[in-house]
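Trainee: model this:
(one chain, ligands or ions: 1)
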Amino acid sequence: MYKAVFIDIDDTLLDYIPCCREAFDAAMNSLSGVAGLSAERSVSGPRLGLSVEDGLFQTFFEISGRLFSEAKHGLHTIAEVMELYPREFVERLSETYPQYLPAGKGIDEMTETFKHAFRAAWGQTHYLVPGAKEALDYLHGKGYRLFAASNSFGHLQRNRLKQAGILPYFEDTYISMDIGYDKPDIRFYQEALRRCGLQPQDVLMIGDSMTTDILGAQKAGLDVIFFNRRNEPLDPSLHIPTVSSLSEIQQFV
Ligand SMILES: [Mg+2]
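Mentor: Okay, here's the model as predicted:
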């Protein structure tokens with residue numbers, strides 16, 4: 001009954017946390033050089049508890065997570081968040097672990113270094129969520145037109161899909177920075193539908209974010225499947241088709 005499926009990328013097809021960690025490590029190396037965290041990492045033997053490096057990643061993850069969550073509720077655009085989280089993290093680092101920062105550099109310069117190194121590395125990260133390729137194979141085999149639908153930079157997301165070997169499944173990629181609106185803004189979905197020439201009832205949206213993917217797409221008139229990867233508690237009165245692994249989408253489509 002559907003003609004096409006829109007699929008979110010991060011934490012639906014690509015595994016967000018290991019990708020984020022890889023990009024974070026590259027950005028920290030770029031910022032602190034060989035004297036800082038890479039020295040920490042070269043220490044062999046078992047680690048007890050959180051290393052400084054893990055603790056810093058946790059801090060980074062909390063800062064970026066909070067800002068992305070605020071963006072979901074309209075407090076910032078995704079483009080603003082991409083500028084805000086490197087700055088807030090570098091500011092925090094300069095207060096807590098200044099020894100990991102190059103001497104004599106200002107916050108602005110260090111923020112730019114971190115931000116560019118993170119983005120460059122992020123664009124190469126491509127850990128697949130278990131079952132992602134199989135799900136795309138299944139949907140492609142059923143004859144659906146497939147489109148990626150993500151909040152981020154288009155060129156980075158396309159390169160990540162390419163590196164992961166799944167870009168060829170997609171007829172096109174709808175990425176917020178190219179589309180001009182972020183999910184869950186209804187205009188993101190309207191512009192995506194305009195680009196593929198389909199009506200809302202022709203398209204199914206699959207994603208892991210209740211706010212951006214599910215409620216946003218529903219508001220635009222699309223049917224949805226919620227990929228509840230992190231076992232979030234759900235309001236059963238919403239009656240949202242939900243799966244906990246990608247192989248389960250075959251029940252619905
Ligand atoms: Mg996602």
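Trainee: doesn't Thr125 make contact with Leu156?
Mentor: No - here Leu156 lies out of contact with Thr125, judged by C-beta atoms under 8 Å, at a distance of 9.2 Å. C-beta: built from backbone N, CA, C; applies to glycine.
Trainee: out of everything not next to it in sequence, what's closest to His155?
Mentor: Sequence neighbours aside, Gly123 is the residue nearest to His155 in space, at 7.2 Å (criterion: C-beta to C-beta, 6 or more residues apart in numbering).
Trainee: burial measure for the one you found, as a count.
Mentor: The number of residues packed around Gly123, counting by other C-beta atoms under 10 Å, is 18.
Trainee: need the contact list for it.
Mentor: Phe153, His155, Leu156, Asn159, Arg160 (C-beta atoms under 8 Å, 6 or more residues apart in numbering).
Trainee: Same check on Pro18?
Mentor: Here Pro18 is in contact with Thr125, Tyr127 (C-beta under 8 Å, 6+ apart).
Trainee: got the buried residues for whatever helix or strand it lives in?
Mentor: Using DSSP states H and E, the secondary-structure element containing Pro18 is helix 16-32. Judged by neighbour count using 16 or more other C-beta atoms under 10 Å, the buried positions of helix 16-32 are 16, 19-29, 31-32.
Trainee: Same question for stretch 243-250.
Mentor: Buried residues in stretch 243-250 (16+ other C-beta under 10 Å): Val243, Leu246, Ile249.
Trainee: Now do the phi/psi pair for the first one.
Mentor: So that's Val243. phi -130, psi 150 (degrees, to the nearest 10).
Trainee: Near the ion, which residues of the stretch 101-250 of the chain are found?
Mentor: Residues of the stretch 101-250 of the chain lying close to the ion (C-beta under 5 Å from the ion) are Asp208, Ser209.
Trainee: Break down the stretch 101-250 of the chain into its strands, ranges please.
Mentor: Ranges of strands in the stretch 101-250 of the chain, per DSSP state E, counting those that start in this stretch, are 145-150, 172-175, 203-207, 223-227, 242-243.
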